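sequence unavailable; structure follows:
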């Protein structure tokens with residue numbers, strides 16, 4: 001049986017001790033992207049200051065669990081990503097991210113609200129990942145937070161922006177965000193932004209439980225340099 005052993009050294013240059021990483025669901029449905037773009041265009045047309053705070057529509061996502069990751073436990077996360085699809089198959093292998101409008105959080109963030117079904121399923125995915133992490137040496141840093149799945153669209157900085165907040169609050173009833181996506185992949189990102197977004201550490205492609213009659217292969221990857229798999233035969 002063949003098994004992927006991917007070099008970890010490529011990632012070590014960007015892994016800092018005790019930095020945060022996060023699992024996420026990327027939202028790429030063209031209708032969702034276009035609706036978010038329209039929301040952002042409407043806001044920036046009202047006040048150009050919004051340009052600094054809108055999220056890049058190429059990287060819309062729902063953030064899941066946050067973990068502490070370093071060079072020492074990176075091999076553990078490799079195994080975790082490999083095992084995740086099988087462990088997740090009886091929770092959900094096609095995760096609904098279906099939206100029903102927008103809302104304001106903490107007087108700073110405009111986000112896309114999930115419908116009830118999506119919130120329930122994504123919360124179950126979050127809880128399952130948290131439970132699995134408890135069995136590893138990878139500490140989760142969000143154990144005391146109440147998880148509410150959402151897709152951030154505009155995020156103001158720490159300074160007070162009462163004028164922009166007022167515009168966002170007044171316009172939420174006008175924003176149209178009423179479609180969604182079914183996501184079949186969980187991606188782990190470095191929480192330190194690299195270029196326009198975060199550096200991808202690895203991913204797990206979800207699948208039905210029936211797919212795991214034979215060994216399922218998942219990958220740890222780097223988006224900085226090409227990573228070629230090294231194959232090892234083992235019996």
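Structure's in. What do you need? All values reported here derive from a predicted model rather than from experimental measurement.

how about stretch 117-133, which residues are buried there?
Burial within stretch 117-133, assessed by neighbour count using 16 or more other Cβ atoms under 10 Å, is assigned to 118-119, 121-123, 125-126, 128-130, 132-133. From N, CA and C alone the C-beta is placed, and that goes for glycine too.

same question for stretch 87-97.
Buried residues in stretch 87-97 (16+ other Cβ under 10 Å): 87-89, 92-93, 95-97.

over to stretch 195-207?
In stretch 195-207, counting by 16+ other Cβ under 10 Å, buried: 198-207.

then stretch 172-181?
175, 177, 180-181.

can you give me the neighbour number for residue 86?
By the criterion of other Cβ atoms under 10 Å, residue 86 has 17 neighbours.

what helices or strands is the helix or strand that contains it leaning on?
Secondary structure from DSSP states H and E places residue 86 in helix 74-88. Other elements packing on helix 74-88 under the criterion 3 or more Cβ pairs under 8 Å, 6 or more residues apart in numbering; DSSP states H and E are helix 116-134, strand 185-194, strand 197-205, strand 219-220.

between those, which one is nearest to residue 42?
Evaluated over these, closeness to residue 42 peaks at strand 197-205, with 23.2 Å, by Cβ to Cβ.

strand partners (parallel or antiparallel) of the closest one?
Next to strand 197-205 in the sheet, as set by DSSP bridges, lie strand 185-194 (antiparallel), strand 219-220 (antiparallel).

and those as TSV, adding mean neighbour count, mean pLDDT and distance to residue 52?
Formatted as TSV, these follow (neighbours: other Cβ atoms under 10 Å; pLDDT from 0 to 100; distance: least, Cβ to Cβ, whole Å):
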stretch	mean neighbour count	mean pLDDT	distance to residue 52
strand 185-194	18	89	14
strand 219-220	20	46	34
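
need those in a markdown table (columns: distance to residue 81).
Converted to a markdown table, the strands paired with strand 197-205 look like this (distance: least, Cβ to Cβ, whole Å):
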| stretch | distance to residue 81 |
| --- | --- |
| strand 185-194 | 7 |
| strand 219-220 | 6 |
